[in-house]
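Peer 1: This is the structure alone, sequence omitted:
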């Protein structure tokens, strides 16, 4: 619960038809979620589990950028793609998240090793349940 010393990070409201709208308190940025097609939704926006997977990828890339900045390495062209794998048995949950990172080809072997190790240390990666497989791949182009 928010307190005087720790205000809410975000607020959200139910829009009906399995959709929510969330607002980031500090910035006013807004996102909507929709239940996925395979779970009674329309699939017209990120699902809550899509956001979890996206959060992992964004956290990894942000962590890499922090490390790269400290080392004066340019990651401005870096990208990632995430693929979500839901469990096939109950309870419904994320079973695995694939994160495919594309980083600059100009990185030398030392920088690649440092960044690949750092990728596993982002706060979202460390916060996910250990049963959620996190499959990271790195391509240098």
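Peer 2: All right, it came through fine. A quick note: this is a predicted structure, and the numbers were derived from the prediction, not measured.

Peer 1: Mind checking what secondary structure residue 139 has?
Peer 2: strand (DSSP: H, G, I helix; E, B strand; the rest coil).

Peer 1: Compute the distance between it and residue 73, please.
Peer 2: 17 Å (Cβ to Cβ, to the nearest Å). C-beta here means a position set from N, CA and C on the backbone, and glycine is covered the same way.

Peer 1: what's the biggest helix by length in the chain in contact with?
Peer 2: In the chain, with assignment by DSSP state H, the single longest helix is helix 48-70. With contact meaning Cβ atoms under 8 Å, 6 or more residues apart in numbering, helix 48-70 is reached by 31, 33, 36, 46, 74-75, 78, 80-84, 86, 94, 97, 99, 101, 103, 111, 114-115, 118-119, 121-125, 128, 134, 136.

Peer 1: Show the residue spans covered by the helices in this protein.
Peer 2: 48-70, 109-118, 123-127.

Peer 1: counting contacts, what elements does the shortest one pack onto?
Peer 2: In this case it means helix 123-127. helix 48-70 (3 or more Cβ pairs under 8 Å, 6 or more residues apart in numbering; DSSP states H and E).

Peer 1: For the helix it packs on, buried residues please.
Peer 2: 49-50, 52-61, 63-65, 67-68 (16 or more other Cβ atoms under 10 Å).

Peer 1: residue contacts, residue 83?
Peer 2: By Cβ under 8 Å, 6+ apart, residue 83 lies in contact with 53, 97, 98, 100.

Peer 1: Using CSV, lay out those residues together with pLDDT and distance to residue 10.
Peer 2: What follows is the contacts of residue 83, written out as CSV (pLDDT from 0 to 100; distance: Cβ to Cβ, whole Å):
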residue, pLDDT, distance to residue 10
53, 98, 18
97, 98, 22
98, 98, 26
100, 98, 28
